[in-house]
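**Student:** Only the shape, not the letters, is given here:
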């Protein structure tokens, strides 16, 4: 078991807390960097998808996991980013500039969606985000002159200041770098006063305010940042899919994003990527398992939905802290054995008492 | 409002629906004073504190802090002016460590805008070091070293109360509002609290306005006391004056005749 | 759309259709509000329960050949039992967990329900029609032509509301439910079987959703995605006031009428988002809804 003697503040502040962190994450990065050369294109494309959805999951995790504001229409921000990217690419704009604009557009929409957060909270806020998501989707459908409506929109190749490419390997590295930058950015925010303000708002709005946290600013900021990340993911997935339609960014996808943060582990950066891995790999696992299942079950359209639902229910009932939570518990078990006590991490039950006056 | 008054409350009233929770309360708090609000349960003491820290909005009256009119400010506004508070039912950030809670107390002194935080510039790192150093001073004062990295949810009640106090001190406030700081503490912890209140006043120069039930503590640390009942002011003066005020005795114990019936005959 | 008897009549036609549709939203919202009022639990599964009710009715009538007048009560009973079972197995273990967990659980149940229905061969994968005795009949009233299925919706909703009102006002169970919803620990101390009541509440919500499904099925087609209509129950509940049963119905009717008129007067696409625009406006000007109550946390 590793015990860290702390002699400087930096040991708490820095991202890699000890040599073990440096080793294992370095190994992970090296493996990711080598993957396109070692794995067939199909698998490295899957990893690309994992990274893209990891970025979106990161955004939602910042908003819901760390600031406590629940957004059940988050795929709408992906849609804004995706369509902005498609339109700008068609106009000939270079990839990086288009990307920044897509993120910016998504951030602005995010700030607008965040306006109800200044007046209402909890369930009401969630319903407001749902309402916005439907409205955004409808706008994408009706604004046919720009988006092509339900007929869909083709997405051009990545245009890096003249050099156009549609190579999956180049795209893989672009996504990897962006995922890395997004993660570092999120980690930086979380160890700074901004991140602390987010967590304060999640845990107690009243006392956050009493400590000087301006709720309006930080709630709007959280919405904008998480929408920008979702927009980034949307823009990247637009290039991946090459053809986008409004129904790719609807309520079903929004619930899938919630799946990511819940199953991954609410309130952790790791959770965004664990959840993303789950979301992307499960259909593949089902496809592999189909051969072993009787046709009545294996060949149906509904199997994926049932699997998602059962896994989600299982996590909520048995492991609310998600994959990351379970992983931490396993690590603690190994670190503490044989002194691990069964009740160490048990949640306390509480009686429900309403805050309502009627 | 007299020259040395840090806080001035004038004709403060608030109604919730048909109920007048606070009626026409006026008082001054002098600099470096320990001023206590007492009264039976439901008297409106915590409501006065909530009005001053701007969680509630008054129906009438004004509040001035160091010459500024704060009646219209939001809670984060008064925190920036230098007013910090603790809560009756602990409102700590449950899923964060003690250290994280205290660091949020430094929010009004934070450095850097969103972009600087996003890139975690060296200047932001320096500011983090400075914030950590300041927080450590408070940890030393209140002896919280053992609990620095513990998550709040895992702490005993008495320790949480101390962390509440510590977090408010990290704001480096000029006025500290304490809401029943000794409730739930045993005799030894209350003793510590009395010393800390003295220390806070002497070493940090902070003015304290507190709501309290524990009369021993009140007599020991307070300079002046205000007694309330049913939202109204009953008595204002030194602890001894207020304790022997007939209106105060009646509020707590009942009418004078009943009280004298309780007195033991002298030998 | 053919004009029949002038604009005024046509307008009224739209309003009545809107009211009928709104009653469906209201019925789903009733289930939602029942659960929310009783347990402060947010249930996103009402739409799926509606869909399951419609499907069960379909199976009983078309596959098993049970006559309509027997199939309806059977479906109802089965769905009530299913709701109680669901509460016992899935919901009560996690009571007390943060709202988000419970919402995710109900979303998960929704996933399973949709998927399971889609797995049923033939029936689950194609659009289905529910055979009802009053199919394709209409009543003519002045210049108005009203489909009987819509009248049935209105009548059934009114009846159900009356029954619920009587139950909460005059029966012990109703009063016990209110007590448990306000302070669970105190209700336990008073000898109220809180857990059993919670099961009953879910059973009721499931039953009401099933009724909504059986009423809606003749108007639209049945398919596994039918449950998404249930998402409009949330705007209905917000407009009415999240913890108010009459509010749920009133909110639903308001949404239904506005939706119908939007489809009639405004360009394409506004009809689909009308409900959501209304809820956003409501949240900005009066978050507690028309019949809502104040929430204030004491610090």
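**Tutor:** Looks like it arrived, so ask away. Just so we're clear, the structure is a prediction, and the values are computed from it rather than from any experiment.
**Student:** buried sites along stretch A:157-171?
**Tutor:** A:158, A:159, A:171 (16 or more other Cβ atoms under 10 Å in any protein chain shown). The C-beta positions use only the backbone N, C-alpha and C, and glycine is treated the same way.
**Student:** which residues sit against that stretch?
**Tutor:** A:36, A:41, A:44-45, A:48, A:89, A:92-96, A:98, A:156, A:174, A:239-240 (Cβ atoms under 8 Å, 6 or more residues apart in numbering or on different chains).
**Student:** again, but for stretch A:274-292
**Tutor:** Contacts for stretch A:274-292 (Cβ under 8 Å, 6+ apart): A:46, A:49-51, A:53-54, A:56-57, A:256, A:259-265, A:298-299, A:303-304, A:307-308, A:311, A:322-324, A:327.
**Student:** Now find how far off-centre it is within its chain.
**Tutor:** Centre-to-centre, stretch A:274-292 and its host chain are 18 Å apart (Cα atoms, centre = their mean, to the nearest Å).
**Student:** Now that stretch: buried residues?
**Tutor:** In stretch A:274-292, counting by 16+ other Cβ under 10 Å, buried: A:274, A:275, A:276, A:277, A:278, A:279, A:280, A:282, A:286.
**Student:** Kindly reformat those as TSV containing secondary structure and pLDDT.
**Tutor:** Shown next, in TSV, are these (DSSP: H, G, I helix; E, B strand; the rest coil; pLDDT from 0 to 100):
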residue	secondary structure	pLDDT
A:274	helix	96
A:275	helix	96
A:276	helix	96
A:277	helix	96
A:278	helix	95
A:279	helix	95
A:280	helix	94
A:282	helix	92
A:286	helix	88
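**Student:** pull the helix or strand with minimum mean pLDDT from the chain.
**Tutor:** By default, I'm working from chain A. helix A:295-298 (a mean of 72; mean pLDDT, DSSP states H and E).
**Student:** other chain: chain B
**Tutor:** helix B:256-262 (a mean of 63).
**Student:** wait, isn't residue A:54 in contact with residue A:180?
**Tutor:** No: the pair residue A:54 / residue A:180 is not scored as a contact, 10.3 Å apart, by Cβ atoms under 8 Å.
**Student:** neighbour-wise, which of the two wins?
**Tutor:** A direct count of neighbours by other Cβ atoms under 10 Å in any protein chain shown for residue A:54 and residue A:180 places residue A:54 higher, at 29 against 13.
**Student:** give me the element the more buried one is part of.
**Tutor:** Following DSSP states H and E, one finds residue A:54 within helix A:41-60.
**Student:** buried stuff in that helix?
**Tutor:** So, applying 16+ other Cβ under 10 Å, buried residues of helix A:41-60: A:44-60.
**Student:** just stretch A:101-119 next, same as before
**Tutor:** A:101-103, A:105-107, A:109-111, A:113-117.
**Student:** Quick check: phi and psi at residue B:8.
**Tutor:** Phi and psi for residue B:8, reported as degrees, to the nearest 10, are phi -130, psi 120.
**Student:** What is the burial count for it?
**Tutor:** Quick note: residue B:8 (other Cβ under 10 Å) scores 18 neighbours.
**Student:** Look up the closest residue to residue C:156, ignoring the ones flanking it.
**Tutor:** Nearest non-adjacent residue to residue C:156, counting by Cβ to Cβ, 6 or more residues apart in numbering or on different chains: residue C:215, 5.8 Å away.
**Student:** Quick one: list the elements packing against the helix or strand harbouring that neighbour.
**Tutor:** Element membership for residue C:215, per DSSP H and E: helix C:194-216. Contacts defined by 3 or more Cβ pairs under 8 Å, 6 or more residues apart in numbering or on different chains; DSSP states H and E place helix C:194-216 against helix C:6-39, helix C:46-58, helix C:68-86, helix C:148-170, helix C:172-182, helix C:184-189.
**Student:** Can I get these in CSV including mean pLDDT, mean neighbour count and distance to residue B:17?
**Tutor:** As requested, the helices and strands packed on helix C:194-216 are exported to CSV (pLDDT from 0 to 100; neighbours: other Cβ atoms under 10 Å in any protein chain shown; distance: least, Cβ to Cβ, whole Å):
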stretch, mean pLDDT, mean neighbour count, distance to residue B:17
helix C:6-39, 88, 23, 22
helix C:46-58, 92, 27, 33
helix C:68-86, 93, 18, 37
helix C:148-170, 88, 16, 24
helix C:172-182, 81, 18, 18
helix C:184-189, 81, 16, 23
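**Student:** among these, which is nearest residue B:246?
**Tutor:** helix C:184-189 (38.1 Å; Cβ to Cβ).
**Student:** touching chain A at all, the closest one?
**Tutor:** Yes: using Cβ under 8 Å from any Cβ of the partner chain, helix C:184-189 reaches chain A at C:184, C:185, C:188.
**Student:** Pretty sure the last one sits against residue C:196.
**Tutor:** No: using Cβ under 8 Å as the test, residue C:188 is too far from residue C:196 to be in contact (11.7 Å).
**Student:** Where does the prediction get shaky in the stretch 1-150 of chain B?
**Tutor:** B:1-3 (pLDDT under 70).
**Student:** what's the closest of the residues of helix C:184-189 next to chain A to residue B:114?
**Tutor:** residue C:184 (42.2 Å).
**Student:** Pretty sure the closest one sits against residue C:194.
**Tutor:** Yes: if you go by Cβ under 8 Å, residue C:184 and residue C:194 touch, sitting 5.8 Å apart.
**Student:** mind listing the helices for the stretch 51-200 of chain A?
**Tutor:** A:75-90, A:95-113, A:123-142, A:144-147, A:168-190, A:193-203 (DSSP state H, counting those that start in this stretch).
**Student:** Compare those helices and give me the one nearest residue C:30.
**Tutor:** helix A:123-142 (16.7 Å).
**Student:** The closest one and chain C, any residue contact?
**Tutor:** Yes: against chain C, helix A:123-142 shows contacts by Cβ under 8 Å from any Cβ at A:123-124, A:126-128, A:130-132, A:134-135, A:138, A:141-142.
**Student:** Filter those residues down to the buried ones.
**Tutor:** Using 16+ other Cβ under 10 Å, the buried ones in those are A:123-124, A:126-128, A:130-132, A:134-135, A:138, A:141-142.
**Student:** So among those residues, where is pLDDT lowest?
**Tutor:** Across these, the member with the lowest pLDDT is residue A:123, scoring 86.
**Student:** Which residue, neighbours along the chain excluded, lies closest to that residue?
**Tutor:** Leaving aside its sequence neighbours, residue A:123 is closest to residue C:42 (5.5 Å, by Cβ to Cβ, 6+ apart).
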